[in-house]
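# pasting the sequence and the predicted coordinates here, then a few questions.
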Amino acid sequence: MFAALSEKHEHKKVLPDLEGAENGVVMRFAPNPSGPLHIGHARAAALNDAYIRQYGGRYILRIEDTDPKRVDPEAYEMVVEDLKWLGLAITDTVTQSDRLHLYYVLCTQLIERGGAYVCTCDNEVFKELKNKKTACPCREQSVETNLVLWDRMLTHGFKEGEASVRIKTDLLHPDPAMRDFPAFRILDAPAHPKVIAHVYPLMNFSVVADDHLLGVTHVIRGKDHIANTRRQRYIYDHFGWKVPVYRHYGRMGIEGVVLSTSQMRLGINDGTYSGWDDIHLGTMRALARRGISPEAVKNAMLAIGIGDTDISFSWDNLYAENKKIVDPIANRYFFVPEPVTAKIEGAGPHTAHAMLHPSDAARGTRTLEFTGTVLLPKSEISPDVTMLRLKDLFNVKISWNGDTPTFTYAGDSLADARAAKAHIVQWLPAQATIACTIKTQEGDMSGACEPAVRSELGKVIQFERVGFVKIDAVGDEGIVAYYTHK
RNA sequence: GCUGCUAUAGUGUAGUCCGGCCAAUCAUGCGGGCCUUUCACGCCCGCGACUGGGGUUCGAAUCCCCAUAGCAGCACCA
């Protein structure tokens, strides 16, 4: 009870208060379905989620698919899966292509209110006029004319590029981005995968319409939308609607992974990447495959917060968050990279009982039977090494005859190993190993691990002295693991 | 070019609105130590920042001006 309370309290402390949120909020996450979600999306998704958990309310997933050029039919499903993986408190889902009729009706109303007009100017011509702060002829048309033209747009009376609906703003506005921006356009091709249409709203219109219709109270989005927020205010004013509270966070630079949907798709098609979850990509599914937990992603994003400074995303910080989650639960196993076979002279059979987790004895042990020959990491064996401690087993003396080592049993005493400053290394009984490949962003690391790892399929474990990995596949040829972090 | 936003340690972040309690918080990273049959975890110690220059003030990370830098928008993309 108290734990729950204090946890809730902690949530409160993480992010600054939202103005006007005391009685609950309605917020939304509004991705474009062009591909799976990536780390960039995670920030908006997690921030909104945290506020909804803090204040209570509804969390609307709004699929913004009003540009058929940028819709991947498979992405609808992927977006939902990715959000589910993240564990967000989504309460409602709407898809904009289902709602075109609503936007049409509102557009008619806006024209009637004199807040919008149908523009049939060539785009380049309009741009020139706009830059000169000059109205185009269409702007002076009567409401009746506009309604006729709007109807003609909807009934295929115009082809792509021949007409658009513009919002009346302020042509003298110092920021050219504000002047009479477009709200609807005509698209003859490509066909939308979900709806038959050729008049589509532009983002600024459909967003305002939906934010109003759905009762959105607070909007948290990137600062690349600051100009859009100002533009959208004109539409709110024309309708006389209440404007939500906006927060714009700064740009987040992310290095080390590919985020561009088009680049990812290209790479997948030409075989550079194995799929949307290739570990070189910054997608949620790639993180999942690498053993990053959704909680860690959310925590990392909340730690970044809603500051409006441009920042660079830190993998170190994400890994640290993930380690906090994964370290207490990951079982420990031996992995021997680049194994070399070593016959140990003078040792009778031994049985090693190694703990599955060093700080949780209750979890039990793995049993490793020594019968004479072991696998050792190649990097631990060089002519300057004369003694090793096989972890949880015994000490080994190494005598060198030129480049040829001879391994001899040197007692069970841990104290001796300590005194000799011998490395304590992971090892495997030669008769009981399974091949294992650890896939990292830099390439594959091959070796062998304990056969018991087979039972950890799908889980994150720690290979002692190597790092955390997620067991991705278990087959006859061996085990495939993905490197998570140290 | 026009418009706007931002500027705290390697990285993220608190403090900035309402100037003093900030010789600047926390986390991460890095270095060292302790613990430990992992180079993990935990614990301890340390390193490291208010972009620059003016101004206001008894006093400025905090207010004002200028400069510089970064970012965003000016799409019939979202």
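All right, it came through fine.
# now stretch A:420-433: buried residues?
In terms of neighbour count (16 or more other C-beta atoms under 10 Å), stretch A:420-433 has its buried residues at A:422, A:424-430, A:432-433. In short, each C-beta sits where N, CA and C put it, glycine included.
# for RNA strand B, see how far away the nearest residue to A:I254 once chain neighbours are set aside is.
Leaving aside its chain neighbours, A:I254 sits nearest to A:F313 (4.4 Å; criterion: C-beta to C-beta, 6 or more residues apart in numbering). Separation of A:F313 from RNA strand B (C-beta to the nearest atom of the strand, to the nearest Å): 7 Å.
# so what pLDDT did A:F313 get?
Note on A:F313: pLDDT of 93.
# pretty sure it sits against A:M252.
Yes. Counting by C-beta atoms under 8 Å, A:F313 touches A:M252, with 5.3 Å between them.
# out of those two, which sits in the busier spot?
A:F313 (20 against 17; other C-beta atoms under 10 Å).
# what is in contact with A:F313 and A:M252 at once?
Counting by C-beta atoms under 8 Å, 6 or more residues apart in numbering, the shared contacts of A:F313 and A:M252 are A:39, A:304.
# list the contacts for the residue of the stretch 351-486 of chain A found nearest RNA strand B?
RNA strand B sits closest to A:R465 of the stretch 351-486 of chain A, with a gap of 3.2 Å, by C-beta to the nearest atom of the strand. A:R465 makes contact with A:425-426, according to C-beta under 8 Å, 6+ apart.
# next one, pLDDT for it please.
96.
# helix, strand or coil: sort out the residue lying closest to A:T365 once chain neighbours are set aside for me.
Leaving aside its chain neighbours, A:T365 sits nearest to A:H353 (4.2 Å; criterion: C-beta to C-beta, 6+ apart). Secondary structure, DSSP: H, G, I helix; E, B strand; the rest coil: A:H353 is strand.
# does A:H353 touch A:L393 like I think?
No. A:H353 lies out of contact with A:L393 (C-beta under 8 Å); the separation is 9.8 Å.
# look at those two and report which has more neighbours.
Using other C-beta under 10 Å, the more surrounded residue of A:H353 and A:L393 is A:L393, with 22 against 11.
# next up, the contacts around the residue nearest to the more buried one when sequence neighbours are not counted.
Nearest-residue entry for A:L393: A:A352, 4.5 Å, with adjacent residues in sequence omitted and distances by C-beta to C-beta, 6+ apart. By C-beta under 8 Å, 6+ apart, the contact list for A:A352 reads A:367-370, A:390-393.
# near RNA strand B too, which of the residues you listed?
Near RNA strand B, judged by C-beta under 7 Å from any atom of the strand, the entries from those are A:391-393.
# among those residues, which are in helices?
Among the ones next to RNA strand B among the contacts of A:A352, none falls in helices (DSSP state H).
# let's have those residues in a markdown table, adding pLDDT.
Formatted as a markdown table, these follow (pLDDT from 0 to 100):
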| residue | pLDDT |
| --- | --- |
| A:K391 | 97 |
| A:D392 | 97 |
| A:L393 | 97 |
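# okay if I get the residues you listed as CSV plus distance to A:A189?
Formatted as CSV, these follow (distance: C-beta to C-beta, whole Å):
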residue, distance to A:A189
A:K391, 65
A:D392, 67
A:L393, 69
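# any idea how far the residue of the stretch 1-150 of chain A found nearest RNA strand B lies from A:M203?
In the stretch 1-150 of chain A, the residue that lies nearest RNA strand B is A:E64 (2.8 Å; C-beta to the nearest atom of the strand). Separation of A:E64 from A:M203 (C-beta to C-beta, to the nearest Å) stands at 7 Å.
# shared neighbours of these two, anything?
By C-beta under 8 Å, 6+ apart, no residue touches both A:E64 and A:M203.
# before we move on, the earlier item: what sits against the residue nearest to A:I254?
Here A:F313 is in contact with A:39, A:252-255, A:304 (criterion: C-beta under 8 Å, 6+ apart).
# now the residues you listed: which count as buried?
Neighbour-count burial (16+ other C-beta under 10 Å) is assigned, among the contacts of A:F313, to A:39, A:252, A:254, A:304.
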